[in-house]
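**Student:** here is a sequence with its predicted model. Questions after.
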Amino acid sequence: MSITPRRCRVMMLAAATLFLIVALVVRAAAGGGLEQHSGTALYASMVWAGVLFLRPRLSPPAAGAIAIAFCWAVEMSQLTGIPAALSARSLLARLVLGVQFDPVDLAWYPVGVLPLVAVHRIVATRARRRRSTG
């Protein structure tokens, strides 16, 4: 049984919701570095789910590369001050765009994406093997 685009979208919506819940629980229970870095990684995980929601047929490496590139682009855009200005007016902009550049975040985005790419690739490979032998 292959995963249809519709089923993939439902799964990615559920995954993004799960990542958001985990981020909110960590934020409520922890503080400092754990909150900051886990939030950054979980943001990237949500972006990965969003990429696959929009393009469910992407290969695992392509989805991961797009998610990391998007996160890096958002982080770099914070150097312009535009996200900070938008974030001052909108909570949604603050959550999506952030406020200020943090070079450490550039390293944490792959932490949130690469394990998902690995699991995605393993699942896709096993599904292909089952289809070819079954």
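**Tutor:** Looks like it arrived, so ask away. Residues are numbered from 1 along each chain as shown.

**Student:** quick check, residue 9 in contact with residue 53.
**Tutor:** Yes: Residue 9 lies in contact with residue 53 (CB atoms under 8 Å); the separation is 5.2 Å. Yep, even glycine has a C-beta here, placed from its N, CA and C like the rest.

**Student:** other SSEs contacting the helix ranked longest in the chain?
**Tutor:** When the chain is parsed with DSSP state H, its longest helix is helix 103-133. For helix 103-133, the elements it packs on are helix 32-54, helix 60-77, judged by 3 or more CB pairs under 8 Å, 6 or more residues apart in numbering; DSSP states H and E.

**Student:** elements contacting the last one?
**Tutor:** Right, the one you point to is helix 60-77. helix 32-54, helix 91-97, helix 103-133.

**Student:** what's around residue 53, how many residues?
**Tutor:** For residue 53, the tally of surrounding residues (other CB atoms under 10 Å) stands at 17.

**Student:** okay but it is in contact with residue 12, surely?
**Tutor:** Yes: with contact defined as CB under 8 Å, residue 53 counts as touching residue 12 (4.1 Å).

**Student:** any stretches of the chain with poor pLDDT?
**Tutor:** Filtered on pLDDT under 70, the chain yields the residue ranges 1-2, 31, 134.

**Student:** point to the residue nearest the middle of it.
**Tutor:** What sits nearest the mean C-alpha location of the chain, by CA atoms, centre = their mean, is residue 45, with 2.5 Å.

**Student:** from residue 7, how far out is that one?
**Tutor:** Shown here: residue 45 relative to residue 7, a distance of 19 Å by CB to CB, to the nearest Å.
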